[in-house]
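Colleague: Below is the sequence, then the predicted model.
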Amino acid sequence: MAVFGVGSAVSSESLPAAPAPGNVHPSAPIPVQGPPIGQSVRVPLGETGAEIFPLILGGAEFGWNVDLESSHEIMDAYIERGGNALHTADSFAGGRSEHIIGQWLHSRGLRDEVTLAVRIGGHADNPGLGPVNLVRAVEASLTRLRTDRIDVLYLDASTGPTDLEETLATAEWLVESGKARALGAAGFTAAQLVEARIYASAGYPRITVLDVPFNVLRRHEFDADLRLVAGAQGVAVTPSHALEHGFLAGRQRTRLRGGLSVRGAQIAANINRRGSRTLRALDAVGTDLGVPDAAVAVAWLLAQKLVTAPIVNAYAPQHVEELVQGIGVRLSRSQLADIARASE
């Protein structure tokens, strides 16, 4: 069933001043007062010690497809609905995403209320996770974000070969110096997670959060070995690409277009057929529950074992409301089965 209200409350600061009592008509609606309902919705982010809203707002589009003013409006809308976790990367828009988030945090005075997660390793100036580049990348991100610490530092192993012991030794210094509070992983294999836990048993900091590309159309990319290891280690999973670049929100009905080889066109056609079936399934469930496709896609992720909070990107403030509705949706077994069959 769908539960509404998580995203509908607004803070009293966003409402116009109430008229004097003598001027209020008896039938006038009572204005919503106080903090948003979503502020009471919190889940532990693994072993990081942070309690977060079960939906992390991503900044991948900030400074790229979304300008500064719109980015700030999106973050305002997210906070107004109870959100308190932001994710970005040093590589997003060449660092502009971090600049925008840093300006917003500073202007709103919300740094202590927000859990800030940053993926490091992809910036052209300091690529990879080597000791020198890792420290320089973190310092550069802190400068752009106008803060003195990163709450969850995601180490991005997909950027190239990584000497994990060197990386964790450097991360240990970052944690001890207060520049990072907890470690996450992105692009890690199951074997790398196991190796990292072995090093942790020797005193290095533990990886407690995992970012893996995962949604209803990419179910098999969170492979069995990685899923097994993450579960055994109690790692919190914060899947990225939750809406497959907006496709699962239902606004675009074709994912891949022309300019492909014959084989590529065949693969694209298969993906588009599977995507179309999946969207029809999301449409049907959304119609039954009275919520948009984006909310159903978020609810599907939250129904998956190990998933703590998806990382979602928004292109406009109104999209935040659609996404937040997914937190209040509980999909039945039959609905989950229908969606799974459609995405095969």
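Modeller: Okay, I see it.
Colleague: Need the residues that contact stretch 186-202.
Modeller: Stretch 186-202 is contacted by residues 119, 121, 154-159, 162, 164-165, 168, 185, 204, 206-207, 210-212, 223, 225-226, 228-230, 233, 235, 240 when judged by C-beta atoms under 8 Å, 6 or more residues apart in numbering. Bear in mind the C-beta positions are built from the backbone N, C-alpha and C, glycine included.
Colleague: pLDDT of stretch 86-98, averaged?
Modeller: Taken as a whole, stretch 86-98 has an average pLDDT of 97.
Colleague: so Tyr315 sits in a strand?
Modeller: No - assignment of Tyr315 by DSSP: H, G, I helix; E, B strand; the rest coil gives coil, placing it outside any strand.
Colleague: ok, it - how many residues close by?
Modeller: Per other C-beta atoms under 10 Å, the neighbour tally for Tyr315 reads 15.
Colleague: what do you get for Gln252?
Modeller: For Gln252, using other C-beta under 10 Å, the count is 12.
Colleague: Pretty sure it sits against Gly246.
Modeller: Yes - Gln252 is in contact with Gly246 according to C-beta atoms under 8 Å; the separation is 6.6 Å.
Colleague: residues in contact with stretch 220-229?
Modeller: Outside stretch 220-229, the residues that reach it (C-beta under 8 Å, 6+ apart) are Phe188, Thr189, Ala190, Leu193, Val194, Val212, Pro213, Phe214, Val235, Val237, Pro239, Leu306.
Colleague: May I see the buried residues of that stretch?
Modeller: In terms of neighbour count (16 or more other C-beta atoms under 10 Å), stretch 220-229 has its buried residues at Phe222, Leu226, Arg227, Val229.
Colleague: Same check on stretch 108-122?
Modeller: Buried residues in stretch 108-122, counted by 16+ other C-beta under 10 Å: Arg111, Val114, Thr115, Leu116, Ala117, Val118, Arg119, Ile120, Gly121, Gly122.
Colleague: Out of those, list just those in strands.
Modeller: The strands, defined by DSSP state E, take in Thr115, Leu116, Ala117, Val118, Arg119, Ile120 from the buried residues of stretch 108-122.
Colleague: Can you add pLDDT and distance to Ile311 and give the residues you listed back as JSON lines?
Modeller: Formatted as JSON lines, those follow (pLDDT from 0 to 100; distance: C-beta to C-beta, whole Å):
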{"residue": "Thr115", "pLDDT": "98", "distance to Ile311": "12"}
{"residue": "Leu116", "pLDDT": "98", "distance to Ile311": "13"}
{"residue": "Ala117", "pLDDT": "98", "distance to Ile311": "8"}
{"residue": "Val118", "pLDDT": "98", "distance to Ile311": "12"}
{"residue": "Arg119", "pLDDT": "98", "distance to Ile311": "10"}
{"residue": "Ile120", "pLDDT": "98", "distance to Ile311": "15"}
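Colleague: Same list, the buried residues of stretch 108-122, but as a markdown table with distance to His99 please.
Modeller: Formatted as a markdown table, the buried residues of stretch 108-122 follow (distance: C-beta to C-beta, whole Å):
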| residue | distance to His99 |
| --- | --- |
| Arg111 | 15 |
| Val114 | 16 |
| Thr115 | 19 |
| Leu116 | 14 |
| Ala117 | 17 |
| Val118 | 13 |
| Arg119 | 16 |
| Ile120 | 16 |
| Gly121 | 19 |
| Gly122 | 16 |
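Colleague: can you tell me which of the residues you listed lies nearest to Trp173?
Modeller: Trp173 lies nearest to Ile120 out of these, by C-beta to C-beta, at 14.0 Å.
Colleague: Measure how buried the closest residue to that closest one other than its chain neighbours is and give me the count.
Modeller: Residue nearest to Ile120 in three dimensions, not counting chain neighbours: Ala137, with 4.9 Å by C-beta to C-beta, 6 or more residues apart in numbering. By the criterion of other C-beta under 10 Å, Ala137 has 25 neighbours.
Colleague: quick one: Ala137 from Ala124, how far?
Modeller: Distance, Ala137 to Ala124, using C-beta to C-beta, to the nearest Å: 11 Å.
Colleague: can you check Asp156 too?
Modeller: Going from Asp156 to Ala124 by C-beta to C-beta gives 13 Å.
Colleague: What residues does Gly122 make contact with?
Modeller: Going by C-beta under 8 Å, 6+ apart, Gly122 touches Ala89, Asp90, Ser91, Asp156, Thr159.
Colleague: and the third one, how many residues sit next to it?
Modeller: Residue neighbour count, defined by other C-beta under 10 Å, stands at 20 for Ser91.
Colleague: And for the fourth one?
Modeller: Residues near Asp156, counting by other C-beta under 10 Å, number 25.
Colleague: Repeat that for the first one.
Modeller: Counted with other C-beta under 10 Å, the neighbours of Ala89 add up to 25.
Colleague: Surely it touches Asp156?
Modeller: Yes - counting by C-beta under 8 Å, Ala89 does reach Asp156; the two are 7.4 Å apart.
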